[in-house]
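K.L.:
Quick one, fold the following:
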Amino acid sequence: MPTEGAGQGNSLAKGYVLDNRYVIEAELGAGGFGITYLAKHRYLEWVAIKEYLPDGAAVRNAGSHVHVISERYAKMYSWGLHRFLDEARLLTQIDHPNIVSLQDFFEANDTAYLVMKYVRGRSLQTEIEPGRVFDEDALRNICYSLLHALRCIHRAGLFHRDISPDNILLREEDDTPVLIDFGSARYAMRMHGAEQVTGGQGHTPTEIFKQCYSPIEQDEGTEQGPYTEIFALGATLYRAEFGTRPVDDLKRAGELRLKKIDPLEPASEK
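P.N.:
Model (predicted):
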């Protein structure tokens, strides 16, 4: 194992060995709440490993351990970490072709890691950005597959909370969609930790929800349900179909409170 655990920025270095089994090969991506790595089990297959590391609230030291940037973020970090692990326990019970398969999870380096089957493919976001046009059959395939996946996780008492084009992979071999990167840790940090940090003023250390894909009730922290996920999936398909993002949900909320016309142009009228 390298004497230095940190690579570029907050990432673990290439060659770092996690849990005496997984060798880090590369960073696949980094978001507001964690880093995802490509790794190789010492004796088995390639995997994707997601590390809990909320940007703006925690950093890695010169070795490999993660710590909060100040004590004012400690409670929020802890809430998010526990939700991250709770989600992992639920995901181990889910077996669905359109949901990323969780193979293992563990704590190390004062944080936690989810080990998932590595899916070779491209994100829906990557396909949309250069202007790919999805025909009706392709959109139906994405829509129906993910609706079935959502029904499966909702029945298990789990919500994704972060459906958006960058959290849907299209498999390399057949373009079937796979839902990745559940956002329950983000939600827990907002609902249970952000108020402690900000005192109700200002912003949390990192973006909680993606504007344009989150419904109004998710931004406002009011009652949510399966319908919240249906909105996010609909917003994602809207983006794929028309190449433009739906109207920002905070803008919509403001307009509707003023009893103005909803600024979101219905898909049926585009």
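
K.L.:
C-alpha from now on. contacts and neighbour counts both.
P.N.:
OK.

K.L.:
For Gly131, see how far away Lys14 is.
P.N.:
34 Å (C-alpha to C-alpha, to the nearest Å).

K.L.:
Could you find the residue nearest the spatial middle of this protein?
P.N.:
For the chain, the residue nearest the mean C-alpha position is Asp181 (3.5 Å; C-alpha atoms, centre = their mean).

K.L.:
My guess is that residue contacts Asn167. True?
P.N.:
Yes - Asp181 sits in contact with Asn167 when judged by C-alpha atoms under 8 Å, with a separation of 6.0 Å.

K.L.:
can you pull the buried residues of the helix of greatest length in the chain?
P.N.:
Residue-count comparison of every helix in the chain, with assignments taken from DSSP state H, identifies helix 136-155 as the longest. Residues of helix 136-155 classed as buried by neighbour count (16 or more other C-alpha atoms under 10 Å): Leu139, Ile142, Cys143, Ser145, Leu146, Ala149, Leu150, Cys152, Ile153.

K.L.:
Would you convert those into a markdown table that also reports pLDDT?
P.N.:
Written out in a markdown table, the entries for the buried residues of helix 136-155 read as follows (pLDDT from 0 to 100):
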| residue | pLDDT |
| --- | --- |
| Leu139 | 94 |
| Ile142 | 96 |
| Cys143 | 96 |
| Ser145 | 97 |
| Leu146 | 97 |
| Ala149 | 96 |
| Leu150 | 95 |
| Cys152 | 93 |
| Ile153 | 90 |
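
K.L.:
Got the confidence number for the residue nearest to the centre of the chain?
P.N.:
Model confidence at Asp181, given as pLDDT, is 84.

K.L.:
quick one: it from His96, how far?
P.N.:
With the distance defined as C-alpha to C-alpha, Asp181 ends up 15 Å from His96.

K.L.:
Can you show me the strands along the stretch 151-270 of the chain?
P.N.:
Remark: strands of the stretch 151-270 of the chain, listed N- to C-terminal, are 168-171, 177-179; assignment by DSSP state E, counting those that start in this stretch.

K.L.:
As CSV, these with distance to Glu25 would be great.
P.N.:
Compiled in CSV, those are given as follows (distance: least, C-alpha to C-alpha, whole Å):
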stretch, distance to Glu25
strand 168-171, 20
strand 177-179, 22
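
K.L.:
on that earlier part again, same drill for Lys14 and Gly131, tell me which one is more crowded.
P.N.:
Between Lys14 and Gly131, counting by other C-alpha atoms under 10 Å, Lys14 is the more crowded of the two (19 against 11).
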